[in-house]
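# model the structure of this input:
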Amino acid sequence: MISFAFYLGFLLIFVVFAVYAERKTAAFIQNRLGPMEVGPKGILQTIADLLKMLQKEDIRASAIDVIPFLIAPFIVFAAVFTGYAVLPLNAQLAGSTITSGVFFLLAIVSLDVLGILMAGWASNNKYSLYGAMRSVAQIVSYEVPLGLSVLCVIILTGTLDLQIISRLQFGNGILSWNIIYYPILIIPFIIFFISGLAESNRTPFDLPESESELIGGYHTEYSGFRWGMFMLSEYGMMLLLAILGVVLFFGGWNSPLPGMLDGPIWGTFWLMLKSLLLIFVQIWVRWTFPRLRVDQLMSLSWKYLTPIAILMLFVCALWKLWIIS
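Numbers count the residues shown, from 1 in each chain. Okay, the predicted model is just below:
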């Protein structure tokens, strides 16, 4: 319950500051100011936008399919947030003690495609339906290389428990982190990161909600609180994959300094700090690279990332056998 409360509270606060950070990062990259009027340096702009969104009327088109339209945002958010149940917070708080935590996380998060498809179909809007179909095809396609990259870590560590994976990276600081201890994991991490961008519908993989083509994609017909649920789910997915990447590749809650700054509070600090650094890279990528075409997006997954991930899976298996022998 402590881990649940922490992640829920942190997620809500994170979204407010992440939106502000994204606006300011975009402004810096594009050589402009960004929000400046509401609060010092525009720091209260996101809070003002949040209050405005919560006060908006819940408008529904006359031709929608009411029940799936109303519950779709909650299905998406529930699928994403349930994944936090198995994420370790520090050495003492491991969340749900599921020995197959990685499998559970990947399985439960994949259910968000049901909510997205429901939202697009129930909206009775061609742009929403196109966005939903794009999103489902994209998420299903990139789950394959993402799962294979995670499997590389599982082969080398020999466990599906995220807390045990974190504990195995304790001892020599940064030298014990999987990506350093097993240099072969650099390529799987790159595949994991790229696939994570696609899973989160982040640029350059934001085709499901590309404003210049589909208005808003699968959530075009949503407004107010329910639209906010979709936005919260997207940033929740960003944070979820960032924490998972840190646990699998960058030491989890372990300190980068051997034998220093350890303990429950420091462990939580290191986990969140490394995760936020990964999220900053995601934001950086969004405002640096252009959007891919649909054919380029699918080609990247099936022609490049998936074959490379399968190859790395065999290489990691051979590496593990060589170490054992």
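# for the rest of this, base every contact and every neighbour count on C-alpha atoms.
Fine.
# now the strands for this structure?
Assigned strands in the chain: none (criterion: DSSP state E).
# go ahead and flag the most central residue of it.
residue 238 (2.7 Å; CA atoms, centre = their mean).
# so what's the residue nearest to it when sequence neighbours are not counted scoring on pLDDT?
Nearest in space to residue 238, with sequence neighbours left out and distances taken as CA to CA, 6 or more residues apart in numbering, is residue 200 at 6.0 Å. pLDDT recorded at residue 200 is 86.
# circling back: hang on, the residue nearest to the centre of the chain packs against residue 279?
Yes. Between residue 238 and residue 279 there is a contact under CA atoms under 8 Å: 6.9 Å.
# so who does residue 271 touch?
Residues in contact with residue 271, defined by CA atoms under 8 Å, 6 or more residues apart in numbering, are 89-90, 243, 246-247, 252-254.
# columns distance to residue 57 and neighbour count on top of these, output as TSV?
Formatted as TSV, those follow (distance: CA to CA, whole Å; neighbours: other CA atoms under 10 Å):
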residue	distance to residue 57	neighbour count
89	38	28
90	41	25
243	35	27
246	39	27
247	41	28
252	42	34
253	42	31
254	46	35
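# between these, which sits nearest residue 101?
Among these, residue 247 lies closest to residue 101 (CA to CA), at 11.8 Å.
# give me every residue that touches the residue nearest to residue 162 when sequence neighbours are not counted.
Using CA to CA, 6+ apart and skipping residues adjacent in sequence, the residue nearest residue 162 is residue 101, 6.1 Å away. Contact analysis of residue 101 by CA under 8 Å, 6+ apart lists 86-87, 160-162.
# can you pick out the most distant pair from those?
87 and 160 (11.8 Å).
# compare those two (neighbour count), which wins?
residue 87 (26 against 20; other CA atoms under 10 Å).
# tell me where the model's unsure across the stretch 101-250 of the chain.
Residue ranges of the stretch 101-250 of the chain with pLDDT under 70: 208, 210-215.
# show me where it has helices.
With DSSP state H, counting those that start in this stretch, the ranges of helices along the stretch 101-250 of the chain come out as 101-109, 112-122, 126-157, 162-167, 178-181, 186-199, 211-214, 224-249.
# can I get the first one in PDB? Just the C-alpha atoms.
Extracted in PDB, the C-alpha atoms of helix 101-109 (Å, rounded to 0.1, in the frame of the first residue of the first chain):
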ATOM      1  CA  GLY A 101       6.900  -9.500 -12.100                       C
ATOM      2  CA  VAL A 102       8.300  -8.700 -15.500                       C
ATOM      3  CA  PHE A 103       5.800 -11.100 -17.200                       C
ATOM      4  CA  PHE A 104       2.900  -9.600 -15.200                       C
ATOM      5  CA  LEU A 105       3.900  -6.000 -16.100                       C
ATOM      6  CA  LEU A 106       4.200  -6.600 -19.800                       C
ATOM      7  CA  ALA A 107       1.000  -8.600 -19.900                       C
ATOM      8  CA  ILE A 108      -1.200  -6.100 -17.900                       C
ATOM      9  CA  VAL A 109       0.100  -3.000 -19.700                       C
END
